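[1] Could you work out the structure for the sequence below:
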Amino acid sequence: MKLLILDRDGVINHDSDAYIKSVAEWIPLPGSIEAIAQLSKAGWTVAVATNQSGIARGYYDVATLDAMHARLRTLVAEQGGELGLIVYCPHGPDAGCDCRKPKPGMLETIAAHYDVPLTGLWFVGDSLSDLEAAKAVDSQPVLVKTGKGAKTQGKSLPAGTLIFDDLAAIAAELINN
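    Residues are numbered from 1 along each chain as shown. From the prediction side, this is the model:
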């Protein structure tokens, strides 16, 4: 199985320091939906692992998050693709859970769901916590320059981190190589 795991905010859709609190605020980045659909059509399973502390903070509820993810699935389907498992951490940063990135709980959940090892599997994110979660389970950390990625690029990245302009560039790399 060819599995790719993505962070959501800043990788698939625009991010906001004020949080994405509604379907109306959930706006795909240029080319991201098409990239997911292209990967799907090329035999890749694309899953999502996303911190969503806005739930714990009371900014939106699970039904709103589910509506955002339904919109994402619909857009990918309209491009002829399919999106795999979406897992999220609803906890705040101080909850001490094992799912909130940089902890690897969500990646482990996805791997268990698909019964695949995480070693070497690409996890794409735009923040240091995404890259650290990948490293924690020996996955391949992949940074996109979208979202917070350009700022993250200036930090001390985990050894071996791959860097791409955006999700479309990653799709082209995985499909063509």
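[2] who does the lengthiest helix in the chain touch, helix- and strand-wise?
    Counting residues, the longest helix found in the chain (DSSP state H) is helix 62-78. If contacts are counted by 3 or more Cβ pairs under 8 Å, 6 or more residues apart in numbering; DSSP states H and E, helix 62-78 sits against helix 32-41, strand 86-89. No exception for glycine: its C-beta is placed from N, CA and C like everyone else's.
[3] which other residues reach the following helix or strand past the longest one?
    Okay, so that is helix 32-41. Counting by DSSP states H and E, the next helix or strand C-terminal to helix 32-41 is strand 44-51. Strand 44-51 is contacted from outside by 1-9, 12, 36, 39-40, 69, 72, 81, 83-89, 100-101, 106-107, 109-110, 113-114, 123, 129, 133, 174-175, using Cβ atoms under 8 Å, 6 or more residues apart in numbering.
[4] which among those residues end up buried?
    Burial by neighbour count, judged by 16 or more other Cβ atoms under 10 Å, picks out 3-9, 12, 36, 39-40, 69, 72, 81, 83-89, 100-101, 106-107, 109-110, 114, 123, 129, 133, 174 from these.
[5] Mind telling me what element the most far-flung residue of the chain relative to its centre is part of?
    Relative to the centre of the chain, and counting by Cα atoms, centre = their mean, the farthest-placed residue is Gly58 at 22.0 Å. Using DSSP H and E, Gly58 maps to neither a helix nor a strand.
[6] confidence score at it?
    We note a pLDDT of 97 for Gly58 in this prediction.
[7] State the distance from it to Gly125.
    25 Å (Cβ to Cβ, to the nearest Å).
[8] just to revisit the earlier point, which of the helices and strands packed on helix 62-78 sits closest to Lys151?
    Across the helices and strands packed on helix 62-78, Lys151 has its closest neighbour in helix 32-41 (18.8 Å, Cβ to Cβ).
[9] Next, the buried residues of stretch 112-129.
    Applying a neighbour-count criterion of 16+ other Cβ under 10 Å, one finds 114, 118, 121-129 buried in stretch 112-129.
[10] average pLDDT across it?
    On average, the pLDDT along stretch 112-129 is 98.
[11] Endpoint to endpoint, it covers what distance?
    One end of stretch 112-129 to the other measures 21 Å (Cα to Cα, to the nearest Å).
[12] taking the contacts of strand 44-51 one by one, which sit in helices?
    36, 39-40, 69, 72, 106-107, 109-110, 113-114, 129, 133, 174-175.
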